[in-house]
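Asks: coords please:
(one chain, ligands or ions: 1)
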Amino acid sequence: MSRAEPFGARLRRAMDTRGPLCVGIDPHASLLSAWGLGDDVAGLERFARTTVEALADRVAVLKPQSAFFERFGSRGVAVLERTVADARAAGALVLTDAKRGDIGSTMAAYAATYLDAGSPLFSDAVTLSPYLGFGSLRPALDLAAANGAGVFVLALTSNLEGAEVQRATAPDGRTLAQVVLDHIAAENAGAEPLGPVGAVVGATLGDTGADLDVNGPLLAPGIGAQGATPADLPAVFGAAVDRVVPSVSRGILRHGPGKGQLREAAERLRDEVRAAVDHRNEGFR
Ligand SMILES: O=C(O)c1cc(=O)[nH]c(=O)n1[C@@H]1O[C@H](COP(=O)(O)O)[C@@H](O)[C@H]1O
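Replies: A predicted model of the protein is given here:
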């Protein structure tokens with residue numbers, strides 16, 4: 001059996017050729033309405049299809065937010081399946097945002113859902129919550145590696161409520177977020193150019209004081225609707241900024257339903273990210 005190319009290598013190439021940007025596909029009811037679509041499965045399907053047709057051939061990563069599909073039940077999940085497959089076929093890496101986390105044996109079923117190459121929802125990567133203990137994620141870590149896929153593990157989330165858990169102190173004095181980041185770094189040790197285990201760190205947070213040197217990608221949501229801008233990235237990520245994939249949903253989607261406008265918004269933002277990241281990197285080269 002031929003082994004799939006590792007996710008870290010595929011993501012690094014996508015970021016280098018297409019630019020470091022992840023666009024979220026979050027079909028909020030308010031966006032469906034703003035696009036002149038019904039808050040129903042047909043509206044959901046049109047929204048997702050338009051976004052994929054506009055962006056999947058040029059943006060490095062697309063991130064469908066599973067919740068907005070699941071709320072329509074099985075027909076919504078069927079739209080998610082097509083969205084994932086169509087976006088991958090058009091050349092984007094697909095990160096399904098499901099934020100799964102459970103005890104190990106149930107985690108194995110979630111892993112099979114998103115990370116088994118034969119599954120209808122097979123994605124290049126999936127978001128996971130480590131707050132049932134990092135070790136509970138083991139089935140997903142192993143299946144991702146076996147299939148050339150990746151995972152993005154929540155470390156320091158963009159929402160203010162996250163701090164009460166993530167910044168709490170472990171018995172050894174580290175924050176819980178740092179414990180998670182250190183586990184991620186251990187998983188990625190020795191991998192080149194990037195390991196398959198990413199960390200999620202909000203672009204809204206300013207200097208986190210955390211060690212973000214995890215040898216993996218750093219997904220940075222929070223730009224746009226949550227108030228952060230590309231110019232904030234260097235202060236949050238420091239020397240790790242060249243591994244950052246900023247993730248933006250409403251900040252791009254509000255420019256639809258025109259595909260040209262969606263493309264222009266994504267390309268403008270990608271260029272802003274490149275400028276912010278390149279400027280900061282001058283001192284590190
Ligand atoms: O994992 C995520 O993508 C995520 C992590 C986080 O810390 N904060 C966060 O906002 N997200 C997701 O990123 C998207 C943000 O959407 P916008 O605020 O519209 O750009 C949503 O799908 C969130 O669920």
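Asks: Let me know the distance separating the closest residue to Asp124 other than its chain neighbours from Ala149.
Replies: Spatial nearest neighbour of Asp124, excluding adjacent residues (Cβ to Cβ, 6 or more residues apart in numbering): Leu93 at 4.2 Å. The way it works is simple: take the backbone N, C-alpha and C, and place the C-beta from them, glycine included. Taking Cβ to Cβ, to the nearest Å as the measure, Leu93 falls 10 Å from Ala149.
Asks: what does Asp124 give?
Replies: Distance, Asp124 to Ala149, by Cβ to Cβ: 6 Å.
Asks: quick one: common contacting residues for those two?
Replies: Both Asp124 and Ala149 are in contact with Phe7, where contact means Cβ atoms under 8 Å, 6 or more residues apart in numbering.
Asks: got any residues that touch both of Leu93 and Ala149?
Replies: Here Leu93 and Ala149 share the contacting residues Asp124, Ala125, scored by Cβ under 8 Å, 6+ apart.
Asks: about what we covered before: so the residue nearest to Asp124 sits right up against Arg13, yeah?
Replies: No - if you go by Cβ atoms under 8 Å, Leu93 and Arg13 don't touch, sitting 9.7 Å apart.
Asks: who has more neighbours, these two?
Replies: Shown here are Leu93 and Arg13; by other Cβ atoms under 10 Å, Leu93 has more neighbours (26 against 14).
Asks: The residue lying closest to Gly260 once chain neighbours are set aside sits in which helix or strand?
Replies: The shortest distance from Gly260 to any non-neighbouring residue, by Cβ to Cβ, 6+ apart, is to Ala54 (7.9 Å). Here Ala54, judged by DSSP states H and E, is contained in helix 41-55.
Asks: quick one: the helices in the stretch 151-285 of the chain?
Replies: In the stretch 151-285 of the chain, the segments counted as helices under DSSP state H, counting those that start in this stretch are 163-166, 176-188, 233-237, 250-253, 259-281.
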